[in-house]
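Enquirer: Give the three-dimensional model of this entry:
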Amino acid sequence: MAKDKKRSAEEWKNLLPDDQFEVCFLGGTERAFSGRYHDSKEPGTYACACCGERLFESETKFDSGSGWPSFFKPVDEDAVVTHEDRKFGMARTEVLCAACDAHLGHVFPDGPAPTGLRYCMNSVALQLETEHEDDAGPVVETASSENR
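Expert: Numbers count the residues shown, from 1 in each chain. A predicted model of the protein is given here:
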């Protein structure tokens, strides 16, 4: 179950870079093929870039050809929440981080088996956590954890 990591819009604005705040808390979208994870094949867990909550495993990532990182299921059903989104004259299903309400992207019913879903996420809303071994055992690395 996701922990409640909600903050005010003003707090997030002060913590996040402008592009991340625009996407995650104003519902923006990064340009297709511009995000750092759209073609990443690195193993690990994709967490919310705002609060660090685990969202998607790399094993569920696939190349949808859309230009955004796409996954066929979240780490568990409580990791994300969905809402109807009728902005821009379209009916879509918005995906939010269940812990902090960050806008992650949208989910579409055109994904691969076993779910048939395509969670089309913004790279700027994600943080890839990778694991490797050192002399002391497993080490989890993230590019940045300053916002958590």
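Enquirer: Please count neighbours and contacts with C-alpha atoms only from this point.
Expert: Noted.
Enquirer: the helices in the protein, which residues?
Expert: For the chain, the helices defined by DSSP state H occupy 9-15, 18-26.
Enquirer: Name the stretch among the ones you listed that sits most buried.
Expert: helix 18-26 (a mean of 19; mean count of other CA atoms under 10 Å).
Enquirer: packing partners for that helix?
Expert: helix 9-15, strand 103-108 (3 or more CA pairs under 8 Å, 6 or more residues apart in numbering; DSSP states H and E).
Enquirer: For residue 102, which residues are in contact?
Expert: 24, 25, 48, 50, 96, 125 (CA atoms under 8 Å, 6 or more residues apart in numbering).
Enquirer: which of the helices and strands packed on helix 18-26 has the lowest average pLDDT?
Expert: If you rank the helices and strands packed on helix 18-26 by mean pLDDT, helix 9-15 sits at the bottom with a mean of 92.
Enquirer: these two touch, right, residue 51 and residue 100?
Expert: Yes: using CA atoms under 8 Å, residue 51 is in contact with residue 100, at 6.5 Å.
Enquirer: so what sits against both of those two?
Expert: Joint contacts of residue 51 and residue 100 (CA under 8 Å, 6+ apart) are residue 5.
Enquirer: got the contact list for residue 13?
Expert: By CA under 8 Å, 6+ apart, the contact list for residue 13 reads residue 21.
Enquirer: That one and residue 79: what is the separation?
Expert: Distance, residue 13 to residue 79, by CA to CA, to the nearest Å: 23 Å.
Enquirer: now residue 26
Expert: 20 Å.
Enquirer: how about the strands in the chain?
Expert: Ranges of strands in the chain, per DSSP state E, are 45-48, 54-57, 61-62, 70-71, 80-85, 92-97, 103-108, 118-121, 126-134, 137-141.
Enquirer: average pLDDT for the longest one?
Expert: Read it as strand 126-134. The pLDDT scores in strand 126-134 average 79.
Enquirer: How about the third one?
Expert: Per-residue pLDDT over strand 61-62 has a mean of 97.
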